[in-house]
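Engineer: Okay, here's the prediction I keep looking at, along with the sequence it came from:
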Amino acid sequence: MVWPTFQPKVTAMLPADSFKGKVAVVTGGGTGLGFAMATALSELGAKVFITSRKEDVLKAAAYSISSSTGNDVLYHAADVRDPESVKKAIDSLVERAGLPDIVINNA
């Protein structure tokens, strides 16, 4: 028996603008899986807020995502092991974008 072959789907399975008007937070959003998830959320219309420990990495990631999706990407350096650092990041998020609708704790 010969099995049919299928082309993989390489875009999001959700319709465009599925997350329009939503705020998404991705910890560890500067690299790797966090970066990929932040990019996908931005492609689907979410305002994305990324955090990680290194501000230079976040700045580059935010620019890259924003350039490819056309949506604003906010960032704030924070270490999830430091409660005060997390509080400052969340305060920054709420001040700049409001409360999050989506939280991905990738860090």
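Structural biologist: Perfect, thanks for sending it. Numbering: from 1, shown residues only.
Engineer: Tell me the predicted confidence for residue 9.
Structural biologist: Residue 9 carries a pLDDT value of 78.
Engineer: Three-state assignment for it, please.
Structural biologist: Per DSSP: H, G, I helix; E, B strand; the rest coil, the secondary structure class of residue 9 is coil.
Engineer: got the phi/psi numbers for residue 85?
Structural biologist: Dihedral angles of residue 85 (phi, psi; degrees, to the nearest 10) stand at phi -60, psi -40.
Engineer: So it is in contact with residue 79, correct?
Structural biologist: Yes. Between residue 85 and residue 79 a contact is recorded at 4.8 Å, counting by Cβ atoms under 8 Å. For every residue, glycine as well, the C-beta is placed using N, CA and C.
Engineer: looking at this, residue 104 is in a strand?
Structural biologist: Yes. Checked against three-state DSSP, residue 104 lies within a strand.
Engineer: Now for the residue lying closest to it once chain neighbours are set aside: which residues touch it?
Structural biologist: Among residues not flanking residue 104 along the chain, residue 26 sits closest, at 4.7 Å (Cβ to Cβ, 6 or more residues apart in numbering). Taking Cβ atoms under 8 Å, 6 or more residues apart in numbering, we find residue 26 in contact with 34, 37-38, 41, 48-51, 104, 106.
Engineer: before we move on, what about residue 40?
Structural biologist: residue 12.
Engineer: Helices of the protein, start to end?
Structural biologist: Along the chain, the segments classed as helices by DSSP state H run 32-43, 55-69, 83-97.
Engineer: just those: most buried one?
Structural biologist: Comparing the helices of the chain by mean neighbour count (mean count of other Cβ atoms under 10 Å), helix 32-43 ranks first with a mean of 20.
Engineer: and that one, how far from the chain's centre?
Structural biologist: Put simply, helix 32-43 sits 5 Å off its chain's centre (Cα atoms, centre = their mean, to the nearest Å).
Engineer: And the pLDDT for the residue nearest to residue 104?
Structural biologist: For residue 26, the model assigns a pLDDT of 97.
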